[in-house]
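*Asks:* 3D, please:
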Amino acid sequence: MNSPLVDARVVLGVTGSIACYKAADLASKLTQAGALVDVILSHGASNFVTPLTFRSLTHRPVVTDLFDADSEQAVNHVAMAHDADVVLVAPATAHVIARLAHGFADDALTTTALASAAPLVVAPAMDGYMFDNPATQENLETLRRRGATIIGPESGHLASGLSGMGRMSEPAHIVDSLKAVLGRRGDMAGRAIVVSAGGTQEPIDPVRVITNRSSGKMGYAIAEAARDRGASVTLVTAPTSLPDPVGVELRRVATVAEMREAVLEACTGADAVIMAAAVSDYRPAEVASQKIKKGESGEDGLVLQLVKNDDFFLEVPAGVLRVGFAAESEDLVANARGKLESKGLALIAANDITQEDSGFNVDTNRVVIIGRDGTEDALPLLTKYQVGHRLLDRVMEALAAGRVS
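*Replies:* So this is what the prediction gives:
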C-alpha cells in the first residue's frame, strides 16, 4: 500500500509571510511524495517568491489572480476546489486566518477554500504577539470547530528579531500531518493499534544500563504506516534518537517493567498489538544506588548477576491480536516459529540481523511473515515503512477472519 499522498490532489495556498521560503520546500517535498500540487499564490506572497519558483517545483500552473483571464486554473477555481483531496494553507498569516474564519471569498485562495468540501489544514506563521492576540486565537478556534486541522506554529526565533510562538512548522512535519489527515479515509479507520519500539534499558547503576542495538526504526515505521491508514495509534517507545511521529500517541518508557505497564494499559480496547521493540531478556539482580567505581570492581573486573525478565506478551488481554518480531542470527524460520507458538501470536515477522541491509540502524528490512495458520510470506528488501504496510495487510486479514491468536 502506498502513502496516502500518492496521487493526492493538494491545493497549497501560500500567503504573504517570510516563511514563504519554507513553502517552496514544502511544495517540493509534497511533489516528491507523489502528490499533485496546485499552488495558489496570494498577492502578498508574490512579494516574497515568484510563481516560477512553484511552477518549477510542482511542474503545474500556479494561480495568482482569481480574475486572470489568461489563467485557465483561475477561471476553473471551483473545479479545482471540488477535485481537491485537501486544502493546505502554509504559511497562513493572521490576515488570511481571519478571512478564512469569517468566510470571505475575495481572492483565489479564500474562494477555493470556501468552495471545497476537502479537509482544511492551516499552518500559521506570524509574529508572536499577533499569534497570541485574542482575535487570532478566536479565529483559529473557529476554524477548529469547523473541522480544520491547525499545525503549529512552533516557538523560536522570528523575523522580527524576537523569540516566541509563531514560526511555521517545518515542511517535513507538515507533510506527515497531511498523511495523517488523508489517512482518515484508510482501511484501518476506527481501529486501535498499539506498537512498541526501541531497545529497553535495564539500569546497572545511575550511569550505566544494559540495552541492545535496536534503533526503534521498525516500530516507528509501523506506527506511521498504521496512522496513514486511519488507525488510532499508541506508540510505546524505549529511548531512541528518532523524531516524534506526527499524529501518534507517544508513551515513553525505559525498562521492561515500564514497557509492560504502558503496553498492557494501551491494549485496553485495542484491536492489535505489534511488539517491534527489542525487550531485554535479562536485568541486573541488584541496581547500585551510586555509580560503581573502577576500584570497587576488584582485580577480576565487574561481575553482574542477571535475572530473567518476565515475558508479558502472554498478559495481553484476550481478543487483542498479537504480533511479534523475531530478530535472529541463525535458523531464522525455525526460531521464529518457536516464538510464534510459545507466545501465542497470530503473526510473527522474522528478520536476519546478520544482513547489513536488514539489521539494526538501517531504513530497510527483509522479513518473513509467518502466520498461525501456517502461511509463510518471504518479503523482498523493502523500506521499513513498506514492511509496516505489508505486515498491516496481514493484520487486517487476521482481524477480518477473527484470528486473534
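*Asks:* what's the helix or strand for the nearest residue to S116 once chain neighbours are set aside?
*Replies:* By the measure of CB to CB, 6 or more residues apart in numbering, the closest residue to S116 outside its immediate chain neighbours is A81, 3.8 Å from it. For the C-beta atoms, the positions are set from N, CA and C on the backbone; glycine is no exception. Element membership for A81, per DSSP states H and E: helix 77-83.
*Asks:* Quick one: residues in contact with that helix.
*Replies:* 9, 11, 38, 63, 66, 73, 87, 108, 111-118 (CB atoms under 8 Å, 6 or more residues apart in numbering).
*Asks:* Pick out whichever of those sits closest to V207.
*Replies:* V87 (51.5 Å; CB to CB).
*Asks:* Return the residues in contact with the closest one.
*Replies:* 11, 13, 81, 112-113, 116, 118-121.
*Asks:* Compare those residues and tell me which is most surrounded.
*Replies:* Within those, G13 tops the neighbour count with 29 neighbours, counted by other CB atoms under 10 Å.
*Asks:* Let me see the contact set for the residue nearest to T58 when sequence neighbours are not counted.
*Replies:* Here the nearest residue to T58 in space, its sequence neighbours aside, is V37; by CB to CB, 6+ apart that works out to 4.4 Å. Counting by CB under 8 Å, 6+ apart, V37 makes contact with 10, 12, 27, 30-31, 58, 60.
*Asks:* F54 should be in a strand, yeah?
*Replies:* No: remark: F54 does not belong to a strand; assigned using DSSP: H, G, I helix; E, B strand; the rest coil, it is helix.
*Asks:* For it, which residues are in contact?
*Replies:* With contact taken as CB under 8 Å, 6+ apart, F54 is in contact with 12, 14, 23-24, 27, 39, 41, 62.
*Asks:* do the same with L382
*Replies:* Applying CB under 8 Å, 6+ apart as the definition, the contact partners of L382 turn out to be 364-366, 390.
*Asks:* Can you flag the buried ones in those?
*Replies:* Buried positions within the contacts of L382, assessed by neighbour count (16 or more other CB atoms under 10 Å), are 364-366, 390.
*Asks:* and of these, the nearest to V263?
*Replies:* The shortest gap between V263 and any of the buried ones among the contacts of L382 belongs to N365, at 21.8 Å (CB to CB).
*Asks:* Does the closest one touch N351 like I think?
*Replies:* Yes: under the criterion of CB atoms under 8 Å, N365 is in contact with N351, at a separation of 5.6 Å.
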